[in-house]
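> The following comprises the amino acid sequence and a computationally predicted model.
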Amino acid sequence: MTLSAPLKASLNAAREALLDLHKVLLDYERTRYERSEGAVKSNYHFLQLVIGDPWFAWLRPMSALVVAIDELLTMKAAVPPEDAEFLIERARDLLTPIAGAGGFAGQLHHTLQDAPTLARHHAAALERLS
């Protein structure tokens with residue numbers, strides 16, 4: 001079954017919301033990393049850190065979700081609407097900060113507490129997901 005235009009638009013909105021927030025979180029983490037570990041030498045070096053350094057590991061579920069959405073949007077075969085709806089719901093769940101939790105939810109909560117200026121970016125992402 002082909003995705004309906006509204007569902008495809010919702011997937012694209014989810015993708016954009018995740019990407020926008022991901023960039024802000026990466027910038028924030030890069031600044032923290034450089035304060036602690038020293039300057040990042042190049043964009044290639046930063047990419048290597050994002051991919052492999054434990055400092056940035058907490059952001060990988062967000063990266064993986066964007067990839068999953070991209071894959072679904074570019075599929076040539078029919079896509080069940082439930083698959084798209086699942087990814088949108090997964091994005092909403094992922095962006096729910098939880099105090100004291102492990103993984104992404106806990107780190108997101110900590111980051112939003114540590115840098116309240118990021119809260120408006122987070123709120124904007126949630127708004128786009130609703």
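Received, thanks. Since the structure is predicted, the reported quantities are computational estimates derived from the model, not experimental observations. Numbering: from 1, shown residues only.

> my read: Lys17 touches Ala124, true?
One correction, residue 17 is Ala, not Lys. Yes - between Ala17 and Ala124 there is a contact at 7.4 Å, judged by Cβ atoms under 8 Å. Where you see a C-beta, it was placed from the backbone N, CA and C, and this is true even at glycine.

> Quick one: mean pLDDT for the helix or strand that contains Ala17?
Taking DSSP states H and E as the definition, Ala17 sits inside helix 5-37. The average of the pLDDT scores along helix 5-37 is 96.

> go on, stretch 98-106?
Rounded mean pLDDT across stretch 98-106 is 95.

> Output it as CSV, nothing but the C-alphas.
Only the C-alpha atoms of stretch 98-106 are listed here, as CSV (Å, rounded to 0.1, in the frame of the first residue of the first chain):
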residue,chain,number,x,y,z
ILE,A,98,12.7,11.0,31.7
ALA,A,99,14.5,11.9,34.9
GLY,A,100,16.7,9.2,36.2
ALA,A,101,16.3,6.9,33.2
GLY,A,102,19.2,5.4,31.3
GLY,A,103,19.9,5.8,27.7
PHE,A,104,18.6,8.5,25.5
ALA,A,105,15.6,9.5,27.6
GLY,A,106,17.7,10.1,30.7
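
> which residues does the residue nearest the centre of the chain contact?
Among the residues of the chain, the one closest to the centroid is Met62, at 3.3 Å (Cα atoms, centre = their mean). With contact taken as Cβ atoms under 8 Å, 6 or more residues apart in numbering, Met62 is in contact with 18, 21-22, 25, 94, 104.
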